[in-house]
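> I need the structure of the sequence given here:
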Amino acid sequence: MKAEQFPRIPDTEFAARMRAFKEKMSEAGIDLVVVFSNLLDPSAVRWFADVSPINESAALVVPLEGDPILCSGQACHEWSRHKSRVKDIRIFPEVGEVSGVEYDIKGQLDFEDLFREMKDQYKVRKIGIIGDLIFPHAIYRKLLRVFSPVEPVSAEMLMYELRMRKSENELACIRTACHIISESFAFAASRITPGVSELDIQADIEGQMLRLGAEAYCNSFSPMIPSGSSNSNLCMNRNTLRKVEQGEIIDLQAGALYEGYNGVICSPVVLGKVPQEIGKAVRVAHEAMRTVMEQMKPGAVSTDLYRVYGDFLEKEGYRKFSPYGSVHSLGMLECETPFFSAHRPVKIQENMALAVDVYFKGLPWGSFRIEDTFIIHADGAELATTFNQGYLPRTFGV
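Have a look, this model is predicted:
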């Protein structure tokens, strides 16, 4: 790829994000927000500051009236200073390595010290937190100790309301991730032969995506290559030394992470002659994806998409093999808010990045996914990943 095909989010956009977020803080009457990210979900701190910690966690403290403070662990303090778009960077053991490694570094603080500084400097009547499912008790306890009786509230949706619609810079990063993972699938699929293991296939996908410029595989979605009737029925799995065979289902599932943004593909693979029952299921799944894709435009509602998807599968006799709806948001996580629920109406908006994930589970011969990444425009959906577009027709006649 040429240098111009490797975009980067400019400093001005990070500054604009912080301004927009503070406007939402003000509207919600929130005076201070504490953001937490870890290896499971590094996206929030990275969205604000471009820092994704290595072997540690990270936090960000955002006072409404003052400058944000990036909170780095001890091992990552140099990396944080190298990467951060937030200029005030401080070191805290509470976001360091979980083994409690001690570093002899000047300037280390405790979160209770920082919270007392915030209390002395600003009038804090309402506190928000981001990281609802991962926020650590150690930091939360100190927050309560300093600011009691103020009870923190979730500020997560204030951030996600800004993250749902992607900027042109973000879309450029997503397209780059999609190009990388598409080319990586093409490379890996061409090297699958009877006798290679699930781990061999994972190595080909990961190695090629790194050669092409990805920083890693998708956050929140490590590569999964379940094969055969047993392993493919695991909804989530770690790859094994199992060797693939002709005529069985092999499920390639992976994504590439580029500048913090993800592109994802899932694709069924069969070596040799495709058994009739597998071919039929793949063709129905592909048509289900196309049916949903045609409905994906601004204003479309999740409940309607789910109904269209379910009705199509019911007609084709595969509804009982589909355990969930097919659309979710994608960006700095492989699956991020909002999820397009079957029961709670969520509207598609222009410049969203979405994945259509058609999952058939528990057929007599196994399970598989077809998944692609899409970008929403005013007139419909752009297919951003390209591997399935060529591979599925050649292999399954879709």
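> Only the buried residues of the helix or strand harbouring L210, if you could.
Under the criterion of DSSP states H and E, L210 resides in helix 198-211. Burial within helix 198-211, assessed by neighbour count using 16 or more other CB atoms under 10 Å, is assigned to 198, 200-206, 208-209. Every residue, glycine included, has its C-beta placed from N, CA and C.
> Likewise for stretch 181-191?
The neighbour-count criterion (16+ other CB under 10 Å) identifies 181-185, 187-189 as the buried residues of stretch 181-191.
> what do you get for stretch 52-71?
Residues 52-53, 56-64, 68-71 are the ones in stretch 52-71 that count as buried (16+ other CB under 10 Å).
> mind exporting it as PDB, just the C-alpha atoms?
The C-alpha atoms that make up stretch 52-71 are tabulated as PDB, following Å, rounded to 0.1, in the frame of the first residue of the first chain:
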ATOM      1  CA  SER A  52      -3.900   2.100  24.000                       C
ATOM      2  CA  PRO A  53      -1.900   0.700  27.000                       C
ATOM      3  CA  ILE A  54       0.400  -2.300  26.700                       C
ATOM      4  CA  ASN A  55       0.000  -5.000  29.400                       C
ATOM      5  CA  GLU A  56      -1.600  -2.400  31.600                       C
ATOM      6  CA  SER A  57      -4.800  -0.300  31.800                       C
ATOM      7  CA  ALA A  58      -5.300   3.500  31.300                       C
ATOM      8  CA  ALA A  59      -7.600   6.200  32.600                       C
ATOM      9  CA  LEU A  60      -8.500   9.700  31.800                       C
ATOM     10  CA  VAL A  61      -9.800  12.400  34.100                       C
ATOM     11  CA  VAL A  62     -11.900  15.100  32.400                       C
ATOM     12  CA  PRO A  63     -12.900  18.200  34.400                       C
ATOM     13  CA  LEU A  64     -15.500  20.300  32.800                       C
ATOM     14  CA  GLU A  65     -13.700  23.500  33.400                       C
ATOM     15  CA  GLY A  66     -10.100  22.300  33.000                       C
ATOM     16  CA  ASP A  67      -7.700  20.300  30.900                       C
ATOM     17  CA  PRO A  68      -7.900  16.500  30.800                       C
ATOM     18  CA  ILE A  69      -5.300  14.300  32.500                       C
ATOM     19  CA  LEU A  70      -4.100  11.100  31.100                       C
ATOM     20  CA  CYS A  71      -3.400   8.400  33.700                       C
END
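> ok so, going back, any chance of the buried residues of stretch 181-191 in CSV, with distance to N233 too?
Converted to CSV, the buried residues of stretch 181-191 look like this (distance: CB to CB, whole Å):
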residue, distance to N233
I181, 24
S182, 27
E183, 29
S184, 25
F185, 22
F187, 27
A188, 22
A189, 22
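> Just the ones of those residues in helices?
Filtering those for membership in helices, criterion DSSP state H, returns 181-185, 187-189.
> State the distance from the residue nearest to the spatial centre of the chain to N262.
For the chain, the residue whose C-alpha lies nearest the mean C-alpha position (CA atoms, centre = their mean) is L333; its distance is 1.4 Å. Here L333 is placed at a distance of 7 Å from N262 (CB to CB, to the nearest Å).
> who touches both of the two?
When CB atoms under 8 Å, 6 or more residues apart in numbering defines a contact, the residues bordering L333 and N262 alike are N219.
> hey, what's S72 bridged with?
According to DSSP bridges, the residues that bridge with S72 are A58, I91.
> give the contact list for it.
Contacts of S72 were listed using CB under 8 Å, 6+ apart, and they are 51, 53, 56, 58, 79-81, 89-92, 95.
> how does it look with 10 Å?
Neighbour list for S72: 45, 49, 51, 53, 56-59, 78-81, 83-84, 89-92, 95-96 [criterion: CB atoms under 10 Å, 6 or more residues apart in numbering].
> what's the answer for A203, then?
If you count contacts by CB under 10 Å, 6+ apart, A203 has them with 188, 191, 196-197, 223, 225, 239.
> Return the subset of those lying in helices.
A188.
> which of the contacts of A203 has the most neighbours?
Ranked by the number of neighbours (other CB atoms under 10 Å), those place I225 first, at 30 neighbours.
> how near is that residue to F21?
Using CB to CB, we find I225 at a distance of 39 Å from F21.
> that older thread, now the buried residues of helix 198-211 in CSV, with pLDDT and distance to Y391?
Compiled in CSV, these are given as follows (pLDDT from 0 to 100; distance: CB to CB, whole Å):
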residue, pLDDT, distance to Y391
E198, 98, 18
D200, 98, 19
I201, 98, 14
Q202, 98, 18
A203, 98, 20
D204, 98, 15
I205, 98, 14
E206, 97, 19
Q208, 98, 15
M209, 97, 17
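> which one of those residues sits closest to R125?
Distance from R125 was checked for each of the buried residues of helix 198-211 by CB to CB. The minimum falls on M209, at 47.0 Å.
> pretty sure that closest one contacts Y217?
Yes - contact status for M209 versus Y217: in contact at 6.8 Å, counting by CB atoms under 10 Å.
> Now do the shared contacts for the two.
Jointly contacting M209 and Y217 under the rule CB under 10 Å, 6+ apart are 181, 184, 223, 254-257.
> now, which of those sits nearest E277?
When the shared contacts of M209 and Y217 are compared against E277 (criterion: CB to CB), the nearest one is A254, at 25.5 Å.
> distance of the nearest residue to that closest one once chain neighbours are set aside from L199?
Spatial nearest neighbour of A254, chain neighbours left out: P223 (3.8 Å); criterion: CB to CB, 6 or more residues apart in numbering. Here the distance between P223 and L199 works out to 10 Å (CB to CB).
> try K297
For K297 relative to L199 (CB to CB), the value is 40 Å.
> what's the answer for S367, then?
Taking CB to CB as the measure, S367 falls 20 Å from L199.
> and if you look at I129?
The span separating I129 from L199 equals 39 Å under the rule CB to CB.
> L162 and K24 touch, don't they?
Yes - in this structure L162 lies within contact range of K24 using CB under 10 Å: 7.3 Å.
> So which of the shared contacts of M209 and Y217 are in strands?
Under the assignment DSSP state E, the shared contacts of M209 and Y217 contribute 254-257 to strands.
> so T176 makes contact with N169?
No - counting by CB under 10 Å, T176 stays clear of N169, with 11.0 Å between them.
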